[in-house]
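Undergrad: Provided below for reference: sequence and predicted model.
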Amino acid sequence: MSDDQADPIRVRGLRKQYGASHTLRGVDLDVRQGEVFALLGPNGAGKTTTVEILEGVRRRSGGEVRVLGRDPAEDAPSWRARIGIVPQTTGAYTDLTVREVVEHFASFYPKPLPVDQVIGMVGLGKQERKQAQTLSGGQLRRLDVAVGIVGDPDLIFLDEPTTGLDPEARAEAWDLVRFFADQGKTTVLTTHYLDEVEALAQRAAVIVAGAVVETGAVSELGGRREVPATVSFTATGGLSAATLPDLPHGTTVAPSDGDAIVLHTHRPTQVLAALLPWAAAAGVGELPDLRVHRPTLEDVYLKLIRENQGEAS
């Protein structure tokens, strides 16, 4: 397979060690062409170290790493020009205007995007003549994004890209990620905002204590599709003495307090279809306190961390 056909990122057995301390313990990763791939994990898990090795700014202790077909440790100029980096901390652009900052970084690349286009894409058109040091924290974050994408990279690393942004700016940043995905670019996203992962990423890896504990489609992490949904309501009024109707196969009634009814099922829609006419027959038009809960990404993420935290020594 040629470099152009290979996955943009392929990692096998990645290790990073500082003396007796093991920061990364044999990380394996595959990031596919054109996808948004999220790297998740608690603070200190090894996410930043992994990304810095992929970016070529930190040396590894062992393992095989290929990024856009090259070993990032070589840091070849032609390879570097194909990578965009938006770091976690904002840059210091003393005495330069927004336009001057973007023009300066654009000059580093052989085929940069038009400066006007980039400034508009990150929502800084009205601030382009302002000195960067006068910008708000959110505006500085937008400028960091502009610097990271102006080279029209094939692979983009976004480290906490929406930290400090207001909801409107955050939505614009999401649109920017989607724009590059539509162009066939590949994005590696690290974030603590799990709604951001749900909105943007196709696949994710969870790193705990320097090891990848699970990789897969965001919708399937932690067995989300196999975990039953919970349907709950309060059996008051005419429902208090009514026997539950026949429910879909596999539905179980969980122990509960008082008048609460809690059902676990893989067919929540069918359960509701059975419950609604049953309630209507008892003279109840709306099931009191009705709630349908499917395991969220946060639920399975926290479960993965609890199950794997501290296992490595």
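TA: Yep, that arrived.

Undergrad: ok, longest helix in the protein?
TA: helix 167-182 (DSSP state H).

Undergrad: helices and strands around the following helix or strand past it, which ones?
TA: Helices and strands here follow DSSP states H and E; after helix 167-182, the next one along the chain is strand 186-190. Where contact means 3 or more C-beta pairs under 8 Å, 6 or more residues apart in numbering; DSSP states H and E, strand 186-190 is packed against strand 36-40, helix 47-55, strand 155-159, helix 167-182, helix 194-200. All C-beta spots, glycine's among them, are computed from the backbone N, C-alpha and C.

Undergrad: got the angle between strand 186-190 and strand 36-40?
TA: Orientation check (axes from the mean of the first three to the mean of the last three C-alpha atoms, to 10 degrees): strand 186-190 against strand 36-40 gives 20 degrees.

Undergrad: can you list the domain ranges for this structure.
TA: 9-82+154-223, 229-293 (automatic domain parsing).

Undergrad: any idea how far the first one is from the chain center?
TA: The reference is to domain 9-82+154-223. Put simply, domain 9-82+154-223 sits 9 Å off its chain's centre (C-alpha atoms, centre = their mean, to the nearest Å).

Undergrad: got the end-to-end distance for that domain?
TA: 25 Å (C-alpha to C-alpha, to the nearest Å).

Undergrad: ok, now stretch 192-207?
TA: 13 Å.

Undergrad: mind listing what's buried along that stretch?
TA: 194, 196, 197, 200, 201, 203, 204, 205, 206, 207 (16 or more other C-beta atoms under 10 Å).

Undergrad: what about the closest residue to the last one other than its chain neighbours, neighbour count?
TA: Counting by C-beta to C-beta, 6 or more residues apart in numbering, residue 41 is the residue found nearest to residue 207 once chain neighbours are left out, at 3.8 Å. The tally of other residues near residue 41 (other C-beta atoms under 10 Å) stands at 25.

Undergrad: contact partners for residue 41?
TA: Taking C-beta atoms under 8 Å, 6 or more residues apart in numbering, we find residue 41 in contact with 47, 206, 207, 208, 305.

Undergrad: same thing with residue 146?
TA: Residue 146 neighbours (C-beta under 8 Å, 6+ apart): 98, 101, 102, 118, 119, 121, 122, 124.

Undergrad: and the residue lying closest to residue 227 once chain neighbours are set aside, which of the three is it?
TA: In space, residue 227 comes closest to residue 295 once its chain neighbours are excluded; the distance is 4.6 Å by C-beta to C-beta, 6+ apart. Counting by DSSP: H, G, I helix; E, B strand; the rest coil, the backbone at residue 295 sits in coil.

Undergrad: tell me which residues touch residue 295, please.
TA: Applying C-beta under 8 Å, 6+ apart, one finds that residue 295 lies in contact with 222, 224, 227, 229.

Undergrad: next: residue 118.
TA: Applying C-beta under 8 Å, 6+ apart, the residues near residue 118 are 102, 106, 146, 149, 150.

Undergrad: could those residues be laid out in TSV, adding distance to residue 218?
TA: What follows is the contacts of residue 118, written out as TSV (distance: C-beta to C-beta, whole Å):
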residue	distance to residue 218
102	32
106	33
146	27
149	23
150	29
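
Undergrad: okay, these in JSON lines with distance to residue 139 and pLDDT next?
TA: Shown next, in JSON lines, are the contacts of residue 118 (distance: C-beta to C-beta, whole Å; pLDDT from 0 to 100):
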{"residue": "102", "distance to residue 139": "13", "pLDDT": "95"}
{"residue": "106", "distance to residue 139": "19", "pLDDT": "95"}
{"residue": "146", "distance to residue 139": "10", "pLDDT": "91"}
{"residue": "149", "distance to residue 139": "16", "pLDDT": "92"}
{"residue": "150", "distance to residue 139": "16", "pLDDT": "94"}
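
Undergrad: and those, which is closest to residue 309?
TA: residue 149 (34.8 Å; C-beta to C-beta).

Undergrad: just checking, the closest one touches residue 114?
TA: No - the criterion here is C-beta atoms under 8 Å, and residue 149 misses it with residue 114 at 11.9 Å.

Undergrad: neighbour-wise, which of the two wins?
TA: The neighbour comparison of residue 149 against residue 114 (other C-beta under 10 Å) goes to residue 149, with 26 against 12.

Undergrad: how far away is that one from residue 86?
TA: Per C-beta to C-beta, to the nearest Å, residue 149 is found 8 Å from residue 86.
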